[in-house]
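Novice: sequence unknown, structure follows:
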């Protein structure tokens, strides 16, 4: 179906009379309601303020010509009547910076809070770990990631997991710490 001049004129006439896009599509035949809406939009025909029932009862003489698009107006500048006080200011939420893949991560604050004994145990375990890839992980292998995922030196621990946990005994000691120990470090 193509939009011939006759079909476009009929569309404009029916649209100006207030008929719905569905009614126009049915009258034209071979065109959908959405095609009619798209054509109306491309032609720049005005949106009708009247409903279809009002338009049917009150015949229009001639459809209005499309209005030229208005230029955007500059927003008016407003000035406060009084100086801004600290009570007026709202807290500003700062987003964390996104670090692209392959870039080293900044030091993490939580890494400084882990006890030296736990770190020593983790270092010892990582020397004995199986160094498996993502595809080799199972429900029985430790899923502790080691290294930067953007490099080829990235691997998972792979040692047997503790019952009900995703990590081996050493990594569980680092990942799951008692609440009281965390509270004490914050003080």
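Specialist: That came through fine. In this text the structure is predicted, and so the values were computed from the model without any measurement.

Novice: Going along the chain, name the helices of this protein.
Specialist: With DSSP state H as the criterion, the chain has helices at 5-16, 21-28, 33-43, 52-57, 116-128, 169-175, 179-186.

Novice: Tell me which of these lies nearest to residue 150.
Specialist: Comparison of these against residue 150 by Cβ to Cβ identifies helix 116-128 as nearest, at 19.3 Å. Bear in mind the C-beta positions are built from the backbone N, C-alpha and C, glycine included.

Novice: got the contact list for that closest one?
Specialist: 146, 157, 159, 168-171, 173-174 (Cβ atoms under 8 Å, 6 or more residues apart in numbering).

Novice: Using a markdown table, lay out the helices of the chain together with distance to residue 151 and mean pLDDT.
Specialist: As requested, these are exported to a markdown table (distance: least, Cβ to Cβ, whole Å; pLDDT from 0 to 100):
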| stretch | distance to residue 151 | mean pLDDT |
| --- | --- | --- |
| helix 5-16 | 61 | 91 |
| helix 21-28 | 57 | 92 |
| helix 33-43 | 50 | 91 |
| helix 52-57 | 65 | 49 |
| helix 116-128 | 16 | 79 |
| helix 169-175 | 20 | 85 |
| helix 179-186 | 31 | 60 |
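
Novice: Same list (these) but as CSV, adding mean neighbour count and distance to residue 138.
Specialist: Shown next, in CSV, are the helices of the chain (neighbours: other Cβ atoms under 10 Å; distance: least, Cβ to Cβ, whole Å):
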stretch, mean neighbour count, distance to residue 138
helix 5-16, 15, 64
helix 21-28, 17, 58
helix 33-43, 15, 51
helix 52-57, 12, 64
helix 116-128, 13, 18
helix 169-175, 19, 16
helix 179-186, 9, 30
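
Novice: can I get the ones you listed in CSV with distance to residue 140?
Specialist: CSV is the format used below for those (distance: least, Cβ to Cβ, whole Å):
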stretch, distance to residue 140
helix 5-16, 68
helix 21-28, 61
helix 33-43, 55
helix 52-57, 68
helix 116-128, 16
helix 169-175, 14
helix 179-186, 28
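
Novice: quick one, which of these is nearest to residue 141?
Specialist: Among the helices of the chain, helix 169-175 comes nearest to residue 141, with 11.4 Å by Cβ to Cβ.

Novice: Give me the contact list for the closest one.
Specialist: Helix 169-175 is contacted by residues 114, 118-119, 121-122, 124-125, 142, 144, 157, 159, 162, 165, 167 when judged by Cβ under 8 Å, 6+ apart.

Novice: Reformat these as JSON lines; add distance to residue 41.
Specialist: Listed next are the contacts of helix 169-175 as JSON lines, based on distance: Cβ to Cβ, whole Å:
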{"residue": "114", "distance to residue 41": "61"}
{"residue": "118", "distance to residue 41": "65"}
{"residue": "119", "distance to residue 41": "64"}
{"residue": "121", "distance to residue 41": "68"}
{"residue": "122", "distance to residue 41": "63"}
{"residue": "124", "distance to residue 41": "69"}
{"residue": "125", "distance to residue 41": "65"}
{"residue": "142", "distance to residue 41": "59"}
{"residue": "144", "distance to residue 41": "56"}
{"residue": "157", "distance to residue 41": "59"}
{"residue": "159", "distance to residue 41": "63"}
{"residue": "162", "distance to residue 41": "63"}
{"residue": "165", "distance to residue 41": "58"}
{"residue": "167", "distance to residue 41": "58"}
